[in-house]
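Trainee: need a structure here:
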Amino acid sequence: MDNPVVVAIARQLVADGLATLRFNFGGVGGSQGVPGAGAAEVRDVETALAALASRLSAPLPLVLAGYSFGAWAALRVAAARGDVACVVAVAPPLGVMEFDFLGSVNAPIAMVVGDRDPYCPADAVASVAARHPRIVIRRVTGADHFFAGREGDVAALARPLLTPPSSS
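Mentor: The predicted structure is shown next:
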């Protein structure tokens, strides 16, 4: 939750007046529990969503954003729920994890990727885009998986994708 990419996106959303929640998966950053290779992390996302919802006075559009493995977990949760308004997947590890479930995600999906990311390689991004043409791809030129020094660029690209349209 303290990753510079995650922090940059969360700060931008807070500045936009949106309710946000950052959290660590079990066993990460001093949190209780142990890493669970996927299933436990999907439960962590669901638990975090329930905690956030319990603190809000009214239901709001549910928008998920995740970075790297967190992008995979956010997309898995969106595939299982019907109430997700959109998902922004930053640097999803398309080159090292299975994403065959993407067709089950009914919410709009946007991916923010670096064009030099070995875990989210250009050929895997092209393959996903070809199989799922409704997925919006945003590229950060010259960035690798960690977006070092480019966190603001990631937040700027993610911002319009995460901010619900105004009702005015």
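
Trainee: what mean pLDDT does the lengthiest helix in the chain have?
Mentor: As assigned by DSSP state H, the longest helix anywhere in the chain is helix 39-55. Helix 39-55 shows a mean pLDDT of 92.

Trainee: now do stretch 18-31
Mentor: For stretch 18-31, the mean pLDDT works out to 77.

Trainee: strands of the protein, start to end?
Mentor: Along the chain, counting by DSSP state E, strands occupy 62-67, 84-90, 109-114, 136-140.

Trainee: in a markdown table: those strands, plus distance to residue 158, mean neighbour count and mean pLDDT.
Mentor: Using the backbone N, CA and C atoms, a C-beta is placed for each residue, glycine as well. A markdown table is the format used below for the strands of the chain (distance: least, CB to CB, whole Å; neighbours: other CB atoms under 10 Å; pLDDT from 0 to 100):
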| stretch | distance to residue 158 | mean neighbour count | mean pLDDT |
| --- | --- | --- | --- |
| strand 62-67 | 6 | 23 | 92 |
| strand 84-90 | 5 | 24 | 94 |
| strand 109-114 | 6 | 25 | 96 |
| strand 136-140 | 8 | 16 | 96 |
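
Trainee: and of these, who's closest to residue 78?
Mentor: Residue 78 lies closest to strand 84-90 among the strands of the chain, at 4.3 Å (CB to CB).

Trainee: which residues touch that closest one?
Mentor: Identification of contacts with strand 84-90 by CB atoms under 8 Å, 6 or more residues apart in numbering yields 5, 9, 61-68, 71-72, 74-75, 77-78, 105-113, 154, 158, 161-162, 164.

Trainee: excluding its backbone neighbours, what's nearest the spatially most central residue of the chain?
Mentor: With distances taken as CA atoms, centre = their mean, residue 66 lies nearest the centre of the chain, 2.2 Å away. Closest residue in space to residue 66, ignoring its immediate chain neighbours: residue 74 at 3.5 Å, by CB to CB, 6 or more residues apart in numbering.

Trainee: okay but the one you found is in contact with residue 45, surely?
Mentor: Yes: if you go by CB atoms under 8 Å, residue 74 and residue 45 touch, sitting 6.4 Å apart.

Trainee: list residues touching both of these two?
Mentor: Common neighbours of residue 74 and residue 45 (CB under 8 Å, 6+ apart) are residue 64.

Trainee: how many neighbours does residue 41 have?
Mentor: Using other CB atoms under 10 Å, residue 41 has 24 other residues around it.
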